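Engineer: 3D, please:
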Amino acid sequence: MHQRTVPCQFFAPQKIEEALEILSRYGKEIKVIAGGTDLLIQYYDRLYEVGDWLDLKNIKELKEIKIHQNQMEIGAMVTHVQLEKSEAIKKYFPVLSQAAADIGSPQIRNRGTIGGNIVNASPAGDLLAPLMAYETQFKLLSVQGERIVPAEEFFIGPKKTIIEPAQLLTRIILPLPSERTYGSWIKIGKRKALIIATITLALIVEMAEDDKTFKNVRTCLGSVAPTPIEIKEVREKMIGKNFSQLDFNQLGQIVEDKISPIDDIRGTKEYRKDVAKEIMINALEEIDAAWRSYK
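Structural biologist: Next up is the predicted model:
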(Lines give C-alpha, C1' and ligand atoms only; values in the text may rest on other atoms or scores of the structure.)
Protein backbone atom coordinates (compact mmCIF):
# COMPACT_ATOMS: atom_id res chain seq x y z
CA MET A 1 0.00 0.00 0.00
CA HIS A 2 1.14 3.55 -0.76
CA GLN A 3 2.68 5.24 2.30
CA ARG A 4 2.99 9.00 2.67
CA THR A 5 6.34 10.26 3.95
CA VAL A 6 5.04 13.82 4.48
CA PRO A 7 2.14 14.50 6.89
CA CYS A 8 -1.13 15.57 5.30
CA GLN A 9 -1.92 19.26 5.79
CA PHE A 10 -5.45 20.66 6.12
CA PHE A 11 -6.10 24.36 5.61
CA ALA A 12 -9.42 26.10 6.35
CA PRO A 13 -8.81 29.86 5.96
CA GLN A 14 -11.41 32.52 6.77
CA LYS A 15 -10.36 34.99 4.06
CA ILE A 16 -10.11 34.65 0.28
CA GLU A 17 -6.66 36.28 0.39
CA GLU A 18 -5.37 33.50 2.67
CA ALA A 19 -6.78 30.84 0.36
CA LEU A 20 -5.10 32.44 -2.67
CA GLU A 21 -1.77 32.58 -0.82
CA ILE A 22 -2.04 28.87 0.02
CA LEU A 23 -2.88 28.05 -3.60
CA SER A 24 0.10 30.05 -4.83
CA ARG A 25 2.37 28.02 -2.56
CA TYR A 26 0.99 24.52 -3.14
CA GLY A 27 -0.59 24.74 -6.63
CA LYS A 28 -1.20 21.29 -8.10
CA GLU A 29 -0.23 19.57 -4.84
CA ILE A 30 -3.36 20.71 -2.97
CA LYS A 31 -7.01 19.73 -3.42
CA VAL A 32 -9.62 22.44 -3.01
CA ILE A 33 -12.74 21.18 -1.26
CA ALA A 34 -16.11 22.95 -1.24
CA GLY A 35 -19.00 20.60 -0.38
CA GLY A 36 -16.96 17.50 -1.17
CA THR A 37 -19.86 15.69 -2.86
CA ASP A 38 -17.83 15.12 -6.04
CA LEU A 39 -14.25 15.15 -4.78
CA LEU A 40 -14.67 12.69 -1.91
CA ILE A 41 -16.46 10.22 -4.19
CA GLN A 42 -13.76 10.64 -6.83
CA TYR A 43 -11.04 9.81 -4.27
CA TYR A 44 -13.16 7.47 -2.12
CA ASP A 45 -10.76 4.51 -2.16
CA ARG A 46 -7.54 6.49 -2.63
CA LEU A 47 -7.75 9.42 -0.23
CA TYR A 48 -4.16 8.63 0.72
CA GLU A 49 -3.14 10.07 -2.67
CA VAL A 50 -4.20 13.56 -1.57
CA GLY A 51 -1.36 15.27 0.28
CA ASP A 52 -2.96 18.55 1.27
CA TRP A 53 -6.48 19.97 1.49
CA LEU A 54 -7.79 23.52 1.16
CA ASP A 55 -11.31 23.72 2.62
CA LEU A 56 -13.33 26.83 1.72
CA LYS A 57 -16.11 26.27 4.29
CA ASN A 58 -15.07 29.16 6.57
CA ILE A 59 -14.94 31.89 3.89
CA LYS A 60 -18.25 33.67 4.51
CA GLU A 61 -18.10 35.99 1.49
CA LEU A 62 -18.18 32.94 -0.81
CA LYS A 63 -21.63 32.03 0.59
CA GLU A 64 -23.40 35.27 -0.37
CA ILE A 65 -25.94 36.07 -3.10
CA LYS A 66 -25.91 39.77 -4.03
CA ILE A 67 -27.59 41.99 -6.61
CA HIS A 68 -25.99 45.24 -7.77
CA GLN A 69 -25.43 47.13 -11.03
CA ASN A 70 -27.93 45.04 -13.01
CA GLN A 71 -26.27 41.75 -12.19
CA MET A 72 -26.41 39.00 -9.61
CA GLU A 73 -23.25 37.68 -7.98
CA ILE A 74 -23.41 34.21 -6.45
CA GLY A 75 -20.56 33.10 -4.21
CA ALA A 76 -18.89 29.85 -5.23
CA MET A 77 -19.81 28.22 -1.87
CA VAL A 78 -23.55 28.82 -2.25
CA THR A 79 -25.25 25.42 -1.94
CA HIS A 80 -27.79 23.86 -4.27
CA VAL A 81 -30.45 24.28 -1.55
CA GLN A 82 -29.71 28.01 -1.40
CA LEU A 83 -30.05 28.23 -5.19
CA GLU A 84 -33.32 26.32 -5.03
CA LYS A 85 -34.84 28.35 -2.18
CA SER A 86 -33.55 31.88 -2.89
CA GLU A 87 -36.46 34.20 -3.76
CA ALA A 88 -34.15 36.39 -5.88
CA ILE A 89 -32.97 33.41 -7.95
CA LYS A 90 -36.54 32.14 -8.34
CA LYS A 91 -37.56 35.60 -9.58
CA TYR A 92 -34.70 36.35 -12.00
CA PHE A 93 -33.23 32.92 -12.83
CA PRO A 94 -35.98 30.31 -12.37
CA VAL A 95 -34.29 27.79 -14.67
CA LEU A 96 -31.20 27.80 -12.40
CA SER A 97 -33.41 27.33 -9.32
CA GLN A 98 -35.24 24.41 -10.97
CA ALA A 99 -31.97 22.78 -12.03
CA ALA A 100 -30.59 23.03 -8.48
CA ALA A 101 -33.76 21.36 -7.15
CA ASP A 102 -33.13 18.40 -9.49
CA ILE A 103 -29.63 17.66 -8.22
CA GLY A 104 -29.03 14.41 -6.34
CA SER A 105 -30.57 13.88 -2.90
CA PRO A 106 -31.40 16.36 -0.10
CA GLN A 107 -28.07 15.51 1.53
CA ILE A 108 -26.14 16.33 -1.65
CA ARG A 109 -28.12 19.54 -2.23
CA ASN A 110 -27.36 20.63 1.34
CA ARG A 111 -23.61 20.14 0.96
CA GLY A 112 -22.89 20.48 -2.75
CA THR A 113 -22.05 23.94 -4.08
CA ILE A 114 -22.45 25.86 -7.32
CA GLY A 115 -18.67 26.36 -7.49
CA GLY A 116 -18.02 22.65 -7.07
CA ASN A 117 -20.54 21.78 -9.80
CA ILE A 118 -18.82 24.23 -12.16
CA VAL A 119 -15.20 23.30 -11.45
CA ASN A 120 -15.96 19.56 -11.50
CA ALA A 121 -17.06 20.20 -15.12
CA SER A 122 -18.94 16.96 -15.68
CA PRO A 123 -20.78 17.14 -19.03
CA ALA A 124 -23.79 15.93 -16.99
CA GLY A 125 -23.47 18.71 -14.38
CA ASP A 126 -27.01 19.99 -13.91
CA LEU A 127 -26.16 23.66 -13.39
CA LEU A 128 -23.89 24.07 -16.40
CA ALA A 129 -26.47 24.35 -19.20
CA PRO A 130 -28.60 26.88 -17.25
CA LEU A 131 -25.53 28.98 -16.43
CA MET A 132 -24.53 29.06 -20.10
CA ALA A 133 -28.08 29.90 -21.12
CA TYR A 134 -28.13 32.88 -18.74
CA GLU A 135 -24.87 34.20 -20.27
CA THR A 136 -22.99 33.74 -17.01
CA GLN A 137 -19.41 34.79 -16.31
CA PHE A 138 -17.04 33.29 -13.75
CA LYS A 139 -14.65 35.35 -11.62
CA LEU A 140 -11.30 33.60 -11.12
CA LEU A 141 -8.89 35.01 -8.54
CA SER A 142 -5.21 34.38 -7.86
CA VAL A 143 -2.48 36.35 -6.12
CA GLN A 144 -1.67 37.75 -9.58
CA GLY A 145 -5.14 39.28 -9.94
CA GLU A 146 -8.60 38.49 -11.29
CA ARG A 147 -9.91 37.10 -14.55
CA ILE A 148 -13.53 37.15 -15.77
CA VAL A 149 -14.39 34.26 -18.09
CA PRO A 150 -17.66 33.58 -19.97
CA ALA A 151 -19.15 30.16 -19.14
CA GLU A 152 -18.85 28.96 -22.76
CA GLU A 153 -15.07 29.52 -22.67
CA PHE A 154 -14.54 27.90 -19.26
CA PHE A 155 -15.30 24.26 -20.13
CA ILE A 156 -12.83 22.60 -22.49
CA GLY A 157 -13.54 18.87 -22.09
CA PRO A 158 -15.05 16.24 -19.78
CA LYS A 159 -14.01 17.33 -16.28
CA LYS A 160 -11.57 19.84 -17.82
CA THR A 161 -11.64 23.62 -17.49
CA ILE A 162 -9.30 26.54 -18.12
CA ILE A 163 -8.83 27.17 -14.38
CA GLU A 164 -5.17 27.11 -13.31
CA PRO A 165 -3.84 25.50 -10.12
CA ALA A 166 -3.24 28.90 -8.46
CA GLN A 167 -6.71 30.21 -9.35
CA LEU A 168 -9.89 30.04 -7.31
CA LEU A 169 -13.42 30.36 -8.67
CA THR A 170 -14.94 32.93 -6.32
CA ARG A 171 -18.05 34.40 -7.94
CA ILE A 172 -20.63 33.48 -10.53
CA ILE A 173 -21.91 36.62 -12.29
CA LEU A 174 -25.28 36.66 -14.08
CA PRO A 175 -26.71 39.72 -15.90
CA LEU A 176 -30.26 40.40 -14.68
CA PRO A 177 -32.71 39.48 -17.46
CA SER A 178 -35.48 41.75 -18.73
CA GLU A 179 -39.08 41.18 -17.59
CA ARG A 180 -39.79 39.82 -21.07
CA THR A 181 -37.61 36.75 -20.47
CA TYR A 182 -39.02 33.21 -20.36
CA GLY A 183 -37.26 29.95 -19.61
CA SER A 184 -37.66 26.19 -19.63
CA TRP A 185 -35.61 23.51 -17.84
CA ILE A 186 -35.91 19.83 -18.76
CA LYS A 187 -33.84 16.98 -17.33
CA ILE A 188 -34.20 13.40 -18.53
CA GLY A 189 -32.72 10.51 -16.53
CA LYS A 190 -33.25 6.82 -15.88
CA ARG A 191 -35.05 7.09 -12.55
CA LYS A 192 -36.77 9.60 -10.31
CA ALA A 193 -34.17 10.17 -7.59
CA LEU A 194 -30.39 10.58 -7.49
CA ILE A 195 -30.23 10.58 -11.27
CA ILE A 196 -27.20 11.55 -13.28
CA ALA A 197 -28.62 13.28 -16.31
CA THR A 198 -29.01 11.40 -19.56
CA ILE A 199 -29.66 14.80 -21.13
CA THR A 200 -30.48 18.32 -19.90
CA LEU A 201 -31.88 21.36 -21.72
CA ALA A 202 -32.03 24.99 -20.66
CA LEU A 203 -33.90 27.26 -23.08
CA ILE A 204 -33.99 31.00 -22.37
CA VAL A 205 -36.01 33.32 -24.63
CA GLU A 206 -36.05 37.13 -24.40
CA MET A 207 -38.80 38.96 -26.25
CA ALA A 208 -38.18 42.34 -27.93
CA GLU A 209 -39.74 45.58 -26.67
CA ASP A 210 -42.89 44.85 -28.69
CA ASP A 211 -43.24 41.60 -26.67
CA LYS A 212 -44.05 39.78 -29.91
CA THR A 213 -40.75 39.01 -31.63
CA PHE A 214 -37.65 37.28 -30.30
CA LYS A 215 -34.72 39.47 -29.26
CA ASN A 216 -32.42 36.78 -27.86
CA VAL A 217 -32.51 32.99 -27.59
CA ARG A 218 -30.11 30.65 -25.78
CA THR A 219 -30.49 26.89 -26.26
CA CYS A 220 -28.00 25.04 -24.04
CA LEU A 221 -27.70 21.30 -23.43
CA GLY A 222 -25.75 19.00 -21.15
CA SER A 223 -24.74 15.33 -21.55
CA VAL A 224 -24.75 15.58 -25.35
CA ALA A 225 -21.10 16.56 -25.99
CA PRO A 226 -17.75 16.66 -24.14
CA THR A 227 -18.82 20.01 -22.65
CA PRO A 228 -22.16 21.76 -22.15
CA ILE A 229 -23.02 23.44 -25.46
CA GLU A 230 -25.18 26.15 -26.97
CA ILE A 231 -26.99 25.46 -30.27
CA LYS A 232 -26.51 28.85 -31.90
CA GLU A 233 -28.37 27.88 -35.07
CA VAL A 234 -31.63 27.95 -33.06
CA ARG A 235 -31.02 31.60 -32.17
CA GLU A 236 -30.39 32.45 -35.82
CA LYS A 237 -33.69 30.81 -36.83
CA MET A 238 -35.74 32.55 -34.12
CA ILE A 239 -34.47 36.12 -33.72
CA GLY A 240 -36.80 38.69 -35.27
CA LYS A 241 -39.64 36.20 -35.65
CA ASN A 242 -42.71 35.56 -33.52
CA PHE A 243 -44.18 32.29 -32.23
CA SER A 244 -46.64 31.93 -35.14
CA GLN A 245 -43.70 31.92 -37.60
CA LEU A 246 -41.84 29.08 -35.87
CA ASP A 247 -41.76 25.43 -36.87
CA PHE A 248 -41.12 23.72 -33.53
CA ASN A 249 -40.39 20.40 -35.26
CA GLN A 250 -37.73 22.02 -37.44
CA LEU A 251 -36.08 23.65 -34.40
CA GLY A 252 -36.11 20.30 -32.60
CA GLN A 253 -34.46 18.72 -35.64
CA ILE A 254 -31.72 21.38 -35.59
CA VAL A 255 -30.93 20.45 -31.98
CA GLU A 256 -30.87 16.74 -32.85
CA ASP A 257 -28.55 17.35 -35.80
CA LYS A 258 -26.11 19.59 -33.92
CA ILE A 259 -25.37 17.49 -30.85
CA SER A 260 -22.68 14.80 -30.64
CA PRO A 261 -23.62 12.48 -27.76
CA ILE A 262 -21.95 9.19 -26.86
CA ASP A 263 -23.23 5.74 -25.87
CA ASP A 264 -22.92 5.07 -22.14
CA ILE A 265 -24.77 3.24 -19.36
CA ARG A 266 -27.34 6.05 -19.18
CA GLY A 267 -28.39 5.94 -22.83
CA THR A 268 -27.36 5.35 -26.43
CA LYS A 269 -26.34 8.05 -28.90
CA GLU A 270 -29.54 7.49 -30.89
CA TYR A 271 -31.71 7.70 -27.77
CA ARG A 272 -30.11 11.00 -26.77
CA LYS A 273 -30.61 12.45 -30.25
CA ASP A 274 -34.28 11.45 -30.29
CA VAL A 275 -34.80 12.81 -26.77
CA ALA A 276 -33.01 16.07 -27.58
CA LYS A 277 -35.46 16.78 -30.39
CA GLU A 278 -38.49 15.95 -28.24
CA ILE A 279 -37.46 18.02 -25.22
CA MET A 280 -36.65 20.99 -27.47
CA ILE A 281 -40.17 20.84 -28.88
CA ASN A 282 -41.56 20.50 -25.33
CA ALA A 283 -39.52 23.48 -24.10
CA LEU A 284 -40.75 25.66 -26.97
CA GLU A 285 -44.35 24.66 -26.23
CA GLU A 286 -43.85 25.46 -22.54
CA ILE A 287 -42.43 28.92 -23.27
CA ASP A 288 -45.12 29.62 -25.86
CA ALA A 289 -47.80 28.78 -23.25
CA ALA A 290 -46.08 30.93 -20.59
CA TRP A 291 -45.82 33.87 -22.98
CA ARG A 292 -49.52 33.57 -23.95
CA SER A 293 -50.59 33.43 -20.30
CA TYR A 294 -48.95 36.81 -19.70
CA LYS A 295 -50.62 38.44 -22.70
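Engineer: now for the longest helix seen in the chain, which elements pack on it?
Structural biologist: Counting residues, the longest helix found in the chain (DSSP state H) is helix 269-293. If contacts are counted by 3 or more CB pairs under 8 Å, 6 or more residues apart in numbering; DSSP states H and E, helix 269-293 sits against strand 181-188, strand 199-207, helix 248-258. From N, CA and C alone the C-beta is placed, and that goes for glycine too.
Engineer: make it 10 Å
Structural biologist: On a contact count with 3 or more CB pairs under 10 Å, 6 or more residues apart in numbering; DSSP states H and E, helix 269-293 meets strand 181-188, strand 199-207, strand 214-222, helix 232-238, helix 248-258.
Engineer: tell me the angle that helix makes with strand 181-188.
Structural biologist: Angle of helix 269-293 versus strand 181-188, following axes from the mean of the first three to the mean of the last three CA atoms, to 10 degrees, is 150 degrees.
Engineer: please shift the residue numbers so they start at 8 in all later answers.
Structural biologist: Yep, numbering from 8; the last one is helix 276-300 now.
Engineer: can you check what angle separates helix 276-300 from helix 255-265?
Structural biologist: Going by the same axes, to 10 degrees, helix 276-300 makes 140 degrees with helix 255-265.
Engineer: quick one: distance of helix 276-300 to the chain centre.
Structural biologist: Here the centre of helix 276-300 is set off from its chain's centre by 20 Å, with CA atoms, centre = their mean, to the nearest Å.
Engineer: any idea how far the residue lying closest to E293 once chain neighbours are set aside lies from C227?
Structural biologist: Distances taken as CB to CB, 6 or more residues apart in numbering put S191 closest to E293, at 4.6 Å, once the chain neighbours are dropped. For S191, the distance to C227 (CB to CB, to the nearest Å) stands at 11 Å.
Engineer: then K248?
Structural biologist: Going from K248 to C227 by CB to CB gives 20 Å.
Engineer: do the same with D295
Structural biologist: Going from D295 to C227 by CB to CB gives 19 Å.
Engineer: how about G82?
Structural biologist: Plainly put, G82 is 23 Å away from C227 if you go by CB to CB.
Engineer: ok so, going back, shared neighbours of S191 and C227, which are they?
Structural biologist: Counting by CB atoms under 10 Å, 6 or more residues apart in numbering, the contacts common to S191 and C227 are V102, A140, L208, A209, L210, I211.
Engineer: where in the stretch 58-207 of the chain is pLDDT low?
Structural biologist: By pLDDT under 70, the weakly predicted segments of the stretch 58-207 of the chain are 197-204.
Engineer: quick one: the strands in it?
Structural biologist: For the stretch 58-207 of the chain, the strands defined by DSSP state E, counting those that start in this stretch occupy 59-62, 72-75, 78-82, 144-149, 152-157, 162-164, 167-168, 175-182, 188-195, 206-214.
Engineer: related to what we said a few turns ago, for the shared contacts of S191 and C227, work out which two are farthest apart.
Structural biologist: L208 and I211 (10.7 Å; CB to CB).
Engineer: so T120 bridges to which residues?
Structural biologist: According to DSSP bridges, the residues that bridge with T120 are T86.
Engineer: neighbours of it, just the number please.
Structural biologist: 30 (other CB atoms under 10 Å).
Engineer: next: Y278.
Structural biologist: Counted by other CB under 10 Å, the residues lying close to Y278 total 15.
Engineer: kindly report the same for L176.
Structural biologist: With other CB under 10 Å as criterion, L176 counts 26.
Engineer: that one contacts Q144, correct?
Structural biologist: No - using CB atoms under 10 Å, L176 makes no contact with Q144, being 11.1 Å away.
Engineer: between the two, which contacts overlap?
Structural biologist: Common contacts of L176 and Q144, defined by CB under 10 Å, 6+ apart, comprise V156, F161.
Engineer: who are the contact partners of A297?
Structural biologist: Taking CB under 10 Å, 6+ apart, we find A297 in contact with Y189, G190, S191, V212.
Engineer: biggest separation within these, which pair?
Structural biologist: The most widely separated members of those are S191 and V212, with 8.4 Å between them, by CB to CB.
Engineer: find residues that contact each of these two.
Structural biologist: By CB under 10 Å, 6+ apart, the residues touching both S191 and V212 are A140, T226, A290, L291, I294, D295, A297.
Engineer: A helix includes V231, no?
Structural biologist: No - counting by DSSP: H, G, I helix; E, B strand; the rest coil, V231 is not part of a helix but coil.
Engineer: distance check, the residue nearest to the spatial centre of the chain against E160.
Structural biologist: Nearest to the geometric centre of the chain sits L135, at 2.1 Å (CA atoms, centre = their mean). Distance of L135 to E160, given as CB to CB: 13 Å.
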